[in-house]
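S.K.: What shape does this take:
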Amino acid sequence: MTTASFFELLETHSEKELWFEYSAGTFVPKAYHITEVKNVHIESVDCGGRPDVYDQTVAQLWINDGEVVERAMSCQKANKIFKMVDNAKPIKKDTPIFFEWGHGDLRTSVYEVEQVNVVGNRLEVQLFVPPTVCKPALEVASACAPGSGCCG
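M.R.: Okay, the predicted model is just below:
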């Protein structure tokens with residue numbers, strides 16, 4: 001999902017609560033905060049020696065264990081946070097958006113948006129951790145096979 005598409009959802013569903021499901025049926029607690037929004041620029045070289053350059057947006061979610069709230073953050077409030085960030089440091093809206101989350105024994109991971117559903121008064125963003133990939137193998141099935149020379 002692009003950052004612009006996510007922002008459009010926040011605008012369209014401004015009165016709904018914004019929920020993040022990071023595992024089937026398991027949601028980020030409703031007292032979460034959006035604590036940081038990052039423009040991430042990545043310059044990389046894959047194991048086949050090919051350079052790549054790309055950007056992404058990463059929004060960090062955080063929970064204060066001592067805080068008790070009755071409702072999750074509204075899409076309107078989340079939109080206000082993103083607009084404040086965008087005014088201070090323009091967000092690249094054509095990039096994919098990811099959400100960084102971890103808490104307690106759950107190690108922090110960067111999640112991708114799988115799908116978004118409207119369920120009653122909630123906008124539920126279903127997240128998943130994308131697997132690592134061997135980019136050369138995406139082009140040629142045997143590129144990362146043992147003995148292929150891909151990694152040295």
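S.K.: How about residue 144, nearest residue that isn't a chain neighbour?
M.R.: Setting aside the residues directly before and after it, residue 144 is nearest to residue 134 in space (CB to CB, 6 or more residues apart in numbering), at 3.7 Å. All C-beta atoms are positioned from the backbone trio N, CA, C, and that covers glycine.
S.K.: hmm, I was thinking of residue 38
M.R.: That would be residue 58: by CB to CB, 6+ apart, it lies 4.4 Å from residue 38.
S.K.: Report the contact partners of the residue most central in space within the chain.
M.R.: Closest to where the C-alpha atoms of the chain average out (CA atoms, centre = their mean) is residue 98, at 1.6 Å. Residue 98 makes contacts with 56-59, 110-113, as judged by CB atoms under 8 Å, 6 or more residues apart in numbering.
S.K.: Equivalent analysis for residue 103, please.
M.R.: Contact partners of residue 103, counting by CB under 8 Å, 6+ apart, are 28-29, 63.
S.K.: where does it land on pLDDT?
M.R.: Predicted confidence (pLDDT) for residue 103: 94.
S.K.: swap in the one 4 residues further on?
M.R.: At residue 107 the predicted local confidence, pLDDT, stands at 95.
S.K.: and if you look at residue 45?
M.R.: We have a pLDDT of 93 for residue 45.
S.K.: if I read this right, it contacts residue 135, doesn't it?
M.R.: No - using CB atoms under 8 Å as the test, residue 45 is too far from residue 135 to be in contact (10.0 Å).
S.K.: Any chance you could list residues touching both of those two?
M.R.: Common contacts of residue 45 and residue 135 (CB under 8 Å, 6+ apart): residue 52.
S.K.: Of the contacts of residue 103, which is the nearest to residue 78?
M.R.: residue 28 (12.3 Å; CB to CB).
S.K.: That'll do, ta.
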